[in-house]
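Chemist: generate a structure from the sequence data that follows.
(chains A and B)
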Amino acid sequence: MKKICLFWLILSVGILGQSSKTGVLSGYVYEASNGEGLIGANVFIEKLGIGASANLNGFFSIPNIPFGEHTVTISFIGYKQQKVKANVSAEESEILKIYMETDVLQSKEIVVVDSVRISDKLYSKPVSKIEMTSQQINSIPRVVEADLLRSLQTLPGIQSLSDFSSALYIRGGTPDQNLYLIDGADVYNPEHAFGLFSTFNTNAIKKAELSKGGFGADFGGRLSSVLNVINLDGNRNNFQGDVSISLLAASTTLQSPLGSLGSISASFRRTYLDQTIAKMMDDIPDYYFFDGNVKAFLDISDNDKVVISFYGGEDNLDYQFDADRPESPHFKYRWGNMTGSVNWRRIITPKLFANFWITGSKFSSLMSLDEIELKEENEIGDITAKTAFEYYYSGNLNFKFGFEYKNLAGKYLEEFPGGIVDISQFRNHYISYLTSDWRPTNRFGVEAGLRFDYFDAPTDYKDFSPRLTLKYRLNETSNLKFSSGIYRQYLNRIPRMFMASIWTTVDESSKGSSSTHYIFGYQKELFRIYSLEIEGYFKDYKNIYSFNQTLTTEVIPTRYKDNEPVYGSMQGIFQRGDGYSYGAEVLLRKEYGAISGWIGYSLSFTENKIDGLNRQEYFAPRHDRTHTINSVFNVDINNFFNELAGNSESSGSSKWLLGLNFIYSTGQPITIPGSVYYIKPFPDWNFPRDISLYPTELNTVRLPAYFRADLSLTYEKKYSWGTIAPYLQVFNISNRKNVWFISYDYTIRETQVSSEIEYFNMLPILPSIGINIKF
Amino acid sequence: MMKNLEKILMLTFSIIGSIILSSCGDNELVSSEADYKPKIVIEGLIYPGEDISGIRISRNFPLNQNVDASKLYLMDAQVILTDLETNNSYNLEPNNGTFSFEYNGAGLSVGYGKSYKLDITAVIDGKTLHTSSITKTPSEGFRIIPERSIAGTLKYREKDANGEVKQFGICFEPTVGASFYAFSISSSAPTIESFIFDNDYFEIDTSDVTDDFLSFSQRYNWTMNLNSSEAYTHEISWLDLWFYGTYRIVVYAGDKNYHHFMATYGDVQEMDGNFHEPKFYIDGDGIGYFGSAIADTIYVNVAR
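Modeler: Coordinates of the predicted model:
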């Protein structure tokens, strides 16, 4: 470990020590209206033909610029292009601060065409990466409440298991293979309302970036994907507020400048069914969730910015099966996440930008069922210190490198009649990485990286994971991309329906998991307003773990307490396996204009082979769907008709917005029982007794195909103080009965036994109303 | 003008088309019977020191077909038990009165801590099938300790001096080789009249009891992985006692075969509705259980 640290140190010093006769142009690009860093803005010096993109903090750096005055062009889709003069000299150059104003005609397609080429944006975008803003999330028809994860399920390559779940199954991977980050801190179980919604409050989100695979060496720890959620820093110019009220919850986001010091933003959300319907109806359980975010941006100096972020949320259920009977089983379940981060961003030199982080995350849940004397405590958390450096060596060569230390702590305690499960795990995880982004020509780019993980567990893991991305610009409108890498994971998860997952780390009974990704991509700008992306992928999985459904036959106590067996290890909990996924995705997207949205298609095949299951043969997991078609349309109705009439964009104070979402996908594979049989489990029982089902080959039958159409209609009215936007949402507008699962119902009459399939369907038509207010 | 009309039509078709598409298509499962494979169903326990009887051999049936119960039992099957210590094999005879097989000779007695193999050959749907299973009987030592048990009579949810609800508790000596301890809890004379409608848990009416009479009158529980060197007391939950009157509680100290069958046969459907395989220790064309156990019985009485 020491040798590796020394290697990175020598490399870093070597890079820093290089001298140059040219100067560096660096600075920040901000959005003028609120002072937020403008991620991805293009900064370009036309005369020299070199440029850079603003990073996640809005920072850019262009080295190797000859001394003298240069005209710098700053552009970003939806913003007025700016040209500024900048002087580069031998002395320390000033840090540019560029404030970009949104274009009043931003939704007009012609403006988009004039500002930045979509093909440029596609070329600079990492492979398999999707970005979403809170505005985009809010514009997609929803189940009552706008939700980030459910919005992502409308994109190709991202599957849901059912209408009841916000969990993401990405390119054949399972939700535990996704890394969720909120302002730099890990989130382990990002679920509210038994998985129906995610913990991410839409109105607090500045930007969400999802990498579906092939991500760089700066991210890792999961096999499939990374979802990096960045919350609002806060408006640095004016006080700003949002209030949303839906049938389920009320939420507010407030942003304010902190004088010259910076800004602050705070969000709070709470459901109120417990205070309304549950008070009127006996059978509705007392249930609510709340969450809150606070984020402060401190502008310490031109070179130093500090961001402090906190998130806390909790779900609470209190349900007694028969409230009139005091001893009726009483189910209490409380769970929630808490994360916090302190991020110091420093421009060490104009060519070297650094992020220093201290983050913490904790998920905890407490469940009890009094009458059965069942009690469960489930915790997972970490404290992390990390650094991330960006070194802009030259106009066509940049480096990123970083170090991370993560202290993981997990605890699971369950007390039940007949035993105790008491598992505590403490692990140290050391990470370092280096990536280089090299552009030998304007048409060819190489991003090569190496990540090193040292996972300190009963069996230590020391793994190197190479990553490679190649980009080639075929012509002015199209690009080719390839990405590959090895991805590793040292955590496993026991998924539970409607309950929070239990996380564990590798130990004596489970090994570290790995996956190799191969991704080929083709990108094309069509008619200057559409982007077309086609990607093909292959992933393999080694040592993936699925929950052992027959674990009670394998667990062995590690000790006894008061004569009760205590289970202190993960032995018998999981079944090891391997697998693979491959497929292709097509995404046609139009982000601006009176009609915007996307149409996506994904073709996917996933097969796993799990020890002890299906006679050791490959089978498709439950989340495998061969074909999926998604389409999302957002129509600005006023502008649509204005365009038809040949008028310029409507400048009226009100508008109607229509949202339409359609999804078709192949039915999920299921196992059906091949036969039934009589059995009497106890010889002393009366005869006959049970009819039992005997399942055979796993997941060989498919449920019927899934279809769903959702619709939303919003009326937005502008006032001098802000806007009011009441809306109507209709989920599953055709009320299609999409099958969730099946069961079998038996009737025994004399000597005949007959059975019927019983269908359990997903959500029916679900209309809802709400209102968004901005001021 | 034509271009505008095209745009309006495209938008209208997108909306209507999506709605129509989302409402069409078959939403019923087209089930395949290709998964059906005929199996010999074994239901049998042997007990050290006791006669071999009550071993039922039946067959499975395809899903979604009426099951003719009269064709259920394979009384023509050839059933052979082998003592793996001596390698002597014994034919088991059919008993048409109990629809089961038993050993009527004098050469075989089941011992403690010994292994036995059951071999069955039977014809189902014109096809000859064979299956076998091996069990190892638990060691001697298991017994209920009545003097340390809370048995006898308790009033329904009777409370002690501290206001705590009393519970029946079965104290027993565990034994080596028993993988689990199953408690079969049967009401001796259950009737609608003796049902505890005025219970503290749920509102239950007469039709609920009639529909699920067996489930209320015969219940079970189990515990496993006990420390075989210390006596253990298992409390009987009031949620397993739904009738006033006498209950017979049979405790089975079962082997691994019986344990794994009991733990998995009725739990093949997951929370998300999907099915998974149970765990049977049966080779060839068989399902069910052939296990061994030591059984002991105690009675308790629930008073009004």
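
Chemist: for residue A:627, give its distance to residue A:371.
Modeler: Here residue A:627 is placed at a distance of 47 Å from residue A:371 (CB to CB, to the nearest Å). Where C-beta positions appear, they are placed from N, C-alpha and C, glycine not excepted.

Chemist: who has more neighbours, the two?
Modeler: It is residue A:371, of residue A:627 and residue A:371, that has more neighbours when counted by other CB atoms under 10 Å in any protein chain shown, with 17 against 13.

Chemist: OK, contacts around the more buried one?
Modeler: By CB atoms under 8 Å, 6 or more residues apart in numbering or on different chains, the residues touching residue A:371 are A:327, A:328, A:329, A:330, B:201, B:239.

Chemist: buried residues in the one helix or strand residue A:367 maps to?
Modeler: Here residue A:367 sits within strand A:352-369, counting by DSSP states H and E. Across strand A:352-369, burial judged by 16 or more other CB atoms under 10 Å in any protein chain shown covers A:352-357, A:359-369.

Chemist: that's a helix at residue B:258, yeah?
Modeler: Yes: under DSSP: H, G, I helix; E, B strand; the rest coil, residue B:258 falls within a helix.

Chemist: check what pLDDT the residue lying closest to it once chain neighbours are set aside gets.
Modeler: In this structure, residue B:258 finds its nearest non-sequential neighbour in residue B:291, 3.1 Å apart by CB to CB, 6 or more residues apart in numbering or on different chains. Note on residue B:291: pLDDT of 97.

Chemist: return the residues of the stretch 101-250 of chain B in contact with chain A.
Modeler: With CB under 8 Å from any CB of the partner chain as the criterion, the stretch 101-250 of chain B meets chain A at residues B:157, B:165, B:182, B:184, B:186, B:199-203, B:214, B:218, B:220, B:222-227, B:230, B:232, B:234-235, B:237, B:239, B:248, B:250.

Chemist: between the two ends of stretch B:181-196, how far is it?
Modeler: 27 Å (CA to CA, to the nearest Å).

Chemist: so which bits of that stretch are buried?
Modeler: Buried residues in stretch B:181-196, counted by 16+ other CB under 10 Å: B:181, B:182, B:183, B:184, B:185, B:186, B:187, B:190, B:195, B:196.

Chemist: who's the fourth one bridged to?
Modeler: Put plainly, it is residue B:184. Taking DSSP bridges as the rule, residue B:184 bridges to residue B:220, residue B:250.

Chemist: these two touch, right, it and residue B:254?
Modeler: No: the pair residue B:184 / residue B:254 is not scored as a contact, 11.1 Å apart, by CB atoms under 8 Å.

Chemist: from chain B, how far off is residue A:406?
Modeler: The gap separating residue A:406 from chain B is 31 Å, by CB to the nearest CB, to the nearest Å.

Chemist: next helix or strand past the host helix or strand of that residue?
Modeler: For residue A:406, the enclosing helix or strand under DSSP H and E is strand A:397-416. Next in sequence after strand A:397-416, counting helices and strands by DSSP H and E, comes strand A:419-441.

Chemist: what lines up beside that following strand in the sheet?
Modeler: strand A:397-416 (antiparallel), strand A:444-456 (antiparallel), strand A:564-567 (parallel).

Chemist: for the stretch 401-550 of chain A, which residue gets nearest to chain B?
Modeler: Residue of the stretch 401-550 of chain A nearest chain B, by CB to the nearest CB: residue A:497 (3.5 Å).

Chemist: isn't that residue up against residue B:272?
Modeler: Yes: if you go by CB under 8 Å, residue A:497 and residue B:272 touch, sitting 5.4 Å apart.

Chemist: more neighbours: these two, which one.
Modeler: residue B:272 (17 against 14).

Chemist: grab the nearest non-local neighbour of the closest residue to chain A within chain B.
Modeler: Residue of chain B nearest chain A, by CB to the nearest CB: residue B:273 (2.0 Å). Spatially, and ignoring its direct neighbours in sequence, residue B:273 is nearest to residue A:741 (2.0 Å; CB to CB, 6+ apart).

Chemist: who's that neighbour bridged to?
Modeler: When bridges are called by DSSP bridges, residue A:741 pairs up with residue A:760.

Chemist: pretty sure residue A:138 belongs to a strand, no?
Modeler: No: checked against three-state DSSP, residue A:138 lies outside a strand; its state is helix.

Chemist: could you measure it against chain B, distance?
Modeler: Distance of residue A:138 to chain B, given as CB to the nearest CB: 20 Å.

Chemist: ditto for residue A:69
Modeler: In this view, residue A:69 and chain B are 48 Å apart by CB to the nearest CB.

Chemist: and for that residue, the neighbour number?
Modeler: Using other CB under 10 Å, residue A:69 has 9 neighbouring residues.

Chemist: what bridges to it?
Modeler: Assigned bridge partners for residue A:69, using DSSP bridges, are residue A:87.

Chemist: that one reaches residue A:84, doesn't it?
Modeler: No: applying CB under 8 Å, one finds residue A:69 not in contact with residue A:84, separated by 10.6 Å.

Chemist: okay, and the common contacts of these two?
Modeler: Common neighbours of residue A:69 and residue A:84, using CB under 8 Å, 6+ apart, do not exist here.

Chemist: pretty sure residue A:741 contacts residue A:670?
Modeler: Yes: using CB under 8 Å, residue A:741 is in contact with residue A:670, at 7.1 Å.

Chemist: overlap in contacts, the two.
Modeler: A:703, B:273, B:274.

Chemist: for the first one, which non-adjacent residue is closest in space?
Modeler: The one in question is residue A:703. residue A:667 (3.7 Å).

Chemist: burial measure for that neighbour, as a count.
Modeler: 18.

Chemist: so where is chain A shaky, pLDDT-wise?
Modeler: Flagging of chain A using pLDDT under 70 yields the residue ranges A:1-20, A:92-93, A:104-116, A:282, A:648-651, A:687-689, A:747-754.

Chemist: element containing the residue nearest to residue A:618 when sequence neighbours are not counted?
Modeler: Closest residue in space to residue A:618, ignoring its immediate chain neighbours: residue A:607 at 4.2 Å, by CB to CB, 6+ apart. Residue A:607 is located in strand A:595-610, with elements delineated by DSSP H and E.

Chemist: strand partners (parallel or antiparallel) of the helix or strand that comes right after that strand?
Modeler: The C-terminal neighbour of strand A:595-610 among helices and strands, as given by DSSP H and E, is strand A:627-636. Here strand A:627-636 has these sheet partners by DSSP bridges: strand A:595-610 (antiparallel), strand A:654-665 (antiparallel).

Chemist: will you turn those into TSV that also has mean neighbour count?
Modeler: As requested, the strands paired with strand A:627-636 are exported to TSV (neighbours: other CB atoms under 10 Å in any protein chain shown):
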stretch	mean neighbour count
strand A:595-610	20
strand A:654-665	20
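
Chemist: rebuild those as TSV, extending it with distance to residue A:638.
Modeler: TSV is the format used below for the strands paired with strand A:627-636 (distance: least, CB to CB, whole Å):
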stretch	distance to residue A:638
strand A:595-610	12
strand A:654-665	4
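
Chemist: show me the contacts for residue A:490.
Modeler: Counted by CB under 8 Å, 6+ apart, residue A:490 has contacts A:221, A:427, A:429, A:453, A:455, A:457, A:461, A:505, A:506, A:512, A:513.
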